[in-house]
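Student: Provided below are the primary sequence and the corresponding predicted coordinates.
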Amino acid sequence: MKNLGGNLDVQRLIYLRDLLRELVVRDLKVRYKRSVLGFAWALVTPLLFLSVFYFIFKVALSLEIPRFGTYAFTGMLVYSWFQTSVSQASGAITDSRELIRWPGFAAAVLPAVSVTTNLIHFMLALPLLMMFLLIDGTGLKSVVLLLPVVIAIQFALTLGLGYLVAAGNALFHDTQHLVAVLLQLLFFLTPVFYDAGMVPERYQALYRLNPMVHLVEAYRAILLGGTWPSGSDLLTLGLLAAGLLYVGHRVFVHLSYRFVEEV
Amino acid sequence: MPHAIVVEGLAKQFRRYHADRPQTLKEAFVRRWQHIRAGERFWALRDVSFDVEPGQLVGIVGSNGAGKSTLLRLIGGVGHPDKGNVKIQGRVAALLELGTGFHSELTGRENVFVSGVIAGLTRRQVTQRLDSIVAFSELEPFIDSPLRTYSTGMQMRLAFAIGVHTKPDVLLIDEVLAVGDLAFQQKCLARISQFKADNCAIVLVSHDLGQIRRLCDKALWLRCGRLLAQGEPEAVIEQYVAEMETETRRKTPTEWPVRTTPEGKELRVHENRFGSMELEIVSVRMFDRQGRPAIELRSGDPLHVEIDYSAPQRIEAPVFSVTISTEDGQACTDLSTAAAGVTLPMLEGEGRITLHFERLDLNGGRYYVDVGAYKQNWDYAYDCHWHSYSITVLPTDNKKGFLHPPHSWEFGDISHEPIQK
C-alpha cells in the first residue's frame, strides 16, 4: 500500500513534488485561461475589499490608524490566503472523487494543492503591497528577509487545518458550510481592518487565542514597522503550526482509507 | 517464478447507501451521535483468493455489483480490505476511469502532463515519453487545442495513450478496451500483448466474453462477491453463461399474456419467450428493400428488422440483439448493440429500434430471426423471442452451407498473372 507517501525515498519525494506542481499549475491555468485580466484577478478581490474598508473605516468612521491603506491591505492579503486555502481544502477530497479513487494516488497532496495555489496568489499580490509601502514612505527594512519564515509558518498552519477540514468534509458533507461560516466569523476576530490593541484589556487573553492575530501582527511588524516581530510569539506560532500540521496529516492519513469508500 | 499478484482470503464490507449513518454533521448532532457506526453492512467481496504470474493476463467476469471493480481497486491499494490481504510485486498502473484529472479548458499537451503525473510518472518521465504518447494517440494536429474541442473518442485515445506509457509491473484494466475505432482498438490490444511479453501481470474486467476468451490466460467468475470459478477461460465462461440463462429463466414470469407474431405464431413464456419483462418487445417486423414485409427474400437483398419495445419503468442502457440461425440451430450471424459499441440511452415508454442489413448473403433456405433485449452487460434477458420469426431465402445455385456471397466464374487460359477481378 504505497498510497499515502509513507516511504520517504527520494524518488517518491520528486514524484510528490511533480504531482503538487502539476495540480497547482492546472488549477491556476484553468482559473485564468479564458479571462482578459489573467493573473490580475488575484489582485482584484483584495483591492476591492480594500477600497470598501478604506471608505468605511477611514472616511466614514475615521479610524485612527496611520497609513490605513497599507495597514488594511497587509491584513487583507494574509487573511484571504488563509481563508481561501482552508475553504478550498474543505472541498479538496469531495470534489476530487475520481482522483482519490485512483490506485497509487497520494490523496494527501490535495489539501496542499489548495494552500499552494493560494500561496501563489498571495505572492503575486506581494509586489503590489511593496509598491504601496514605498509610495506611503514606509520603505523596506532588512528585517523583510524574515518574511519567508512567517510565510512558511502560515503555510504549515493553514495546511494542518486544511487536512482536518478536508477529512472532516469527506465524512460529514456539511463540514464545508460550517467552515465557511467559521472563516467569516474569524475574519472579524482577526485584526484585518482594526488594531488588536483596540480590543479591551479583559478580552485580550481570549482574543489572542486566535493564531491569526499573531500572524497578522508579525507580518505588520516586518512590513509596516520594519521591526522584528516578537520572538516568543513567532516560536509559539511555529510550534503550533508544526504540531497542527503533524496532527492534521496523521488524522487525514488515518481517515483516508475510509473516505475513499465514502465520497 | 514469484507471483506478481497474490490475493489471499480477501473480504471487503461496505455500508449500504441508505444506511443509518448520518451523512452530515447536522444529522449527527440531531441524533446525538448515536448511529455513527451503525448501519446495514454487506460483503462486497468474500474470501477471494487467486494469484497472477508475471506475463499472465487474467480476466474477471460477473454481473453488475458482483464486486469486480471493488476487487480491482483493492488490488490497486484503494481502500482497506476487512479480511485477507493483497501482495503486489512492483509498480501498479491502472486503466480504470480513463481521463482522470483531465480538464476541458487545458490543451491536449497540458492534460498529458497532469494526467501522466496522476498516473504515477514524474514530470521528467512525461517529458521523455511525450512524443511517443502523442504519436500513439494519433492526435498530433490537435495536441495544442483545448480538450473541449476533442470528441469523446479522441479524449479516450489520449487517455489510453497515457495509460499505456506508464511501464507498470501490474496493470489493472476496467472495461476500457472499447476505445475509439476498430484500428485503435487493435493497437491497444497489441500494446497489451506487448505488456504481457514484457512480463507485466494484467487483470482485466470485461463484459465482452469474446474478448476474455481471446485474450486471457485465466478467467475468474465473481458472483455477489464470491469467487465461483477460476481457470481456463472457456470453461469459466461456459459456467457463467449457463448461470445467466438460469437467471433469466428464474426471472421469467410464470404467466404472461400470449402474443401472436405477424406469421401467426404464438409467443408463450417459458416456451419460446424468456425474460423478466421489465422491458417488453411488443412487435418485431421485417421489411425488404421496398418496405414490404419480408417473408421471402432473394439472396443479397437488404433486410430491415424493426423492433418495437415498451418499457413501463426506466431501463438503463439495455442491449438489443438479433441472431439469424438455420433451422437446425446453427448461428449465421449474432449481432448486438453492445458489440457494435452502441450504448443506448435510458429508455422509458415506447420506442423502436431498427437493424439494417445492407445485404444479406444467405444461401437459400429458411432461417430463424431471434431477437432479444438484455439488461446492461448481459446480466439477464428482459425479453427474448426464440425461433418465433423466420425468413425464407429463395433457392440459389449453392448446394450446401448457409453463405451465398456474390460471385462469378471466369474461364480462360492459364496465366501467371494474379487474378485481378
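Tutor: On my side now, so go ahead.
Student: where does the stretch 51-200 of chain A dip in pLDDT?
Tutor: Applying pLDDT under 70 to the stretch 51-200 of chain A flags no residue at all.
Student: look at the residue of it found nearest chain B and tell me its secondary structure.
Tutor: Nearest residue of the stretch 51-200 of chain A to chain B (CB to the nearest CB) works out as residue A:103 at 2.7 Å. C-beta coordinates here come from the backbone N, C-alpha and C atoms, glycine included. Put simply, residue A:103 is coil when judged by DSSP: H, G, I helix; E, B strand; the rest coil.
Student: so who does it touch?
Tutor: If you count contacts by CB atoms under 8 Å, 6 or more residues apart in numbering or on different chains, residue A:103 has them with B:73, B:75-78, B:92-94, B:96, B:172.
Student: recalculate using a threshold of 7 Å.
Tutor: B:73, B:76-78, B:92, B:94, B:172 (CB atoms under 7 Å, 6 or more residues apart in numbering or on different chains).
Student: same question for residue A:156.
Tutor: Taking CB under 7 Å, 6+ apart as the test, what residue A:156 contacts is A:241-242, A:245.
Student: save those as CSV, and put in secondary structure too.
Tutor: Output for the contacts of residue A:156, formatted as CSV (three-state DSSP):
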residue, secondary structure
A:241, helix
A:242, helix
A:245, helix
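Student: where does residue A:27 fall, phi/psi-wise?
Tutor: phi -60, psi -50 (degrees, to the nearest 10).
Student: for residue B:170, same thing?
Tutor: According to degrees, to the nearest 10, residue B:170 has phi -130, psi 130.
Student: same thing with residue B:296?
Tutor: Dihedral angles (degrees, to the nearest 10) for residue B:296: phi -120, psi 130.
Student: what's the answer for the one 4 residues further on, then?
Tutor: With angles defined as degrees, to the nearest 10, residue B:300 shows backbone torsions of phi 90, psi 0.
Student: what about it, how many neighbours?
Tutor: 15 (other CB atoms under 10 Å in any protein chain shown).
Student: what do you get for the one 3 residues further on?
Tutor: Counted by other CB under 10 Å, the residues lying close to residue B:303 total 22.
Student: stretch B:356-367: which residues count as buried?
Tutor: B:357, B:360-365, B:367 (16 or more other CB atoms under 10 Å in any protein chain shown).
Student: out of these, which is nearest to chain A?
Tutor: Nearest to chain A among these, with distances taken as CB to the nearest CB, is residue B:357, at 40.5 Å.
Student: quick check, pLDDT for that closest one.
Tutor: We note a pLDDT of 93 for residue B:357 in this prediction.
Student: that one contacts residue B:300, correct?
Tutor: No: using CB atoms under 7 Å, residue B:357 is not in contact with residue B:300; the gap is 10.3 Å.
Student: which bits of chain A sit near chain B?
Tutor: Selection of chain A residues close to chain B by CB under 7 Å from any CB of the partner chain yields A:1-3, A:14-15, A:18-19, A:22, A:26, A:29-30, A:33-34, A:98-99, A:101-105, A:172-175, A:178, A:257, A:260-261.
Student: list buried residues within those residues.
Tutor: Buried members of the residues of chain A next to chain B, counted by 16+ other CB under 10 Å: A:3, A:15, A:18-19, A:22, A:26, A:99, A:101-105, A:172-175, A:178, A:257, A:260-261.
Student: any idea which residue sits dead centre in chain A?
Tutor: residue A:82 (2.4 Å; CA atoms, centre = their mean).
Student: not counting sequence-adjacent ones, nearest residue to that one?
Tutor: residue A:158 (5.5 Å; CB to CB, 6 or more residues apart in numbering or on different chains).
Student: mind listing what's buried in whichever strand or helix holds the one you found?
Tutor: Residue A:158 is located in helix A:147-171, with elements delineated by DSSP states H and E. Within helix A:147-171, the residues that count as buried by 16+ other CB under 10 Å are A:150-151, A:153-171.
Student: the residue in the stretch 151-300 of chain B that chain A sits nearest to: which element?
Tutor: Of all residues in the stretch 151-300 of chain B, residue B:172 sits closest to chain A, at 6.6 Å by CB to the nearest CB. According to DSSP H and E, residue B:172 maps onto strand B:170-174.
Student: flag every buried residue along that strand.
Tutor: Here strand B:170-174 shows B:170-174 as buried, counting by 16+ other CB under 10 Å.
Student: where does the stretch 101-250 of chain B dip in pLDDT?
Tutor: Checking the stretch 101-250 of chain B against pLDDT under 70 turns up B:176-180.
Student: ranges for the strands of it?
Tutor: Taking DSSP state E, counting those that start in this stretch as the criterion, the stretch 101-250 of chain B contains strands spanning B:170-174, B:201-205, B:218-223, B:226-231.
Student: partners of the third one in the sheet?
Tutor: Sheet pairing of strand B:218-223 (DSSP bridges) gives strand B:57-61 (parallel), strand B:226-231 (antiparallel).
Student: likewise for the first one?
Tutor: Applying DSSP bridges, strand B:170-174 is found paired with strand B:92-95 (parallel), strand B:201-205 (parallel).
Student: give me the contacts around the last one.
Tutor: So the one you mean is strand B:201-205. B:4-5, B:52-60, B:68-69, B:72, B:75, B:169-175, B:192, B:195-196, B:215-216.
Student: output the strand holding residue B:172 in CSV with nothing but the alpha carbons.
Tutor: Backbone C-alpha positions of strand B:170-174 (Å, rounded to 0.1, in the frame of the first residue of the first chain) are rendered in CSV as follows:
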residue,chain,number,x,y,z
VAL,B,170,0.9,-4.9,-12.7
LEU,B,171,-1.7,-3.4,-14.9
LEU,B,172,-5.4,-3.2,-13.9
ILE,B,173,-7.9,-2.6,-16.7
ASP,B,174,-11.6,-1.9,-16.1
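Student: next one: that strand to chain centre, how far?
Tutor: 16 Å (CA atoms, centre = their mean, to the nearest Å).
Student: then stretch A:89-104?
Tutor: Centre-to-centre, stretch A:89-104 and its host chain are 21 Å apart (CA atoms, centre = their mean).
Student: can you give me the end-to-end span of that stretch?
Tutor: From its first residue to its last, stretch A:89-104 covers 21 Å (CA to CA, to the nearest Å).
Student: so which residues on chain B come close to chain A?
Tutor: Near chain A, when you scan chain B using CB under 7 Å from any CB, you find B:14, B:23-26, B:28, B:73, B:76-80, B:92, B:94, B:97, B:100-101, B:103, B:105-106, B:110, B:113-114, B:117-118, B:120, B:122-123, B:172.
Student: give me the spatial nearest neighbour of residue B:317, chain neighbours excluded.
Tutor: Per CB to CB, 6+ apart, closest to residue B:317 is residue B:376, 4.6 Å.
Student: show me the contacts for the one you found.
Tutor: B:64, B:316-319.
Student: just the ones of those residues in strands?
Tutor: residue B:319 (DSSP state E).
Student: among the contacts of residue B:376, the buried ones, what's the PyMOL command?
Tutor: Restricted to buried positions by 16+ other CB under 10 Å, the PyMOL selection for the contacts of residue B:376 reads:
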select buried, chain B and resi 318+319
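Student: ok, so of the contacts of residue B:376, who is nearest residue B:133?
Tutor: For these, the minimum distance to residue B:133 (CB to CB) is 30.9 Å, reached by residue B:317.
Student: distance of the closest one from residue B:211?
Tutor: 18 Å (CB to CB, to the nearest Å).
Student: next one: residue A:185
Tutor: Counting by CB to CB - residue A:185 and residue B:211 are separated by 58 Å.
Student: looking at the two, which is more packed in?
Tutor: residue B:211 (17 against 9).
Student: CA atoms only: put stretch B:289-296 into CSV for me.
Tutor: Output in CSV follows, covering the C-alpha atoms of stretch B:289-296 (Å, rounded to 0.1, in the frame of the first residue of the first chain):
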residue,chain,number,x,y,z
ARG,B,289,-36.0,-3.3,-50.0
GLN,B,290,-39.4,-1.9,-50.9
GLY,B,291,-40.6,-1.7,-47.4
ARG,B,292,-42.8,-4.7,-47.8
PRO,B,293,-43.0,-7.4,-45.1
ALA,B,294,-40.0,-9.7,-45.8
ILE,B,295,-41.3,-13.2,-46.0
GLU,B,296,-39.4,-14.4,-49.0
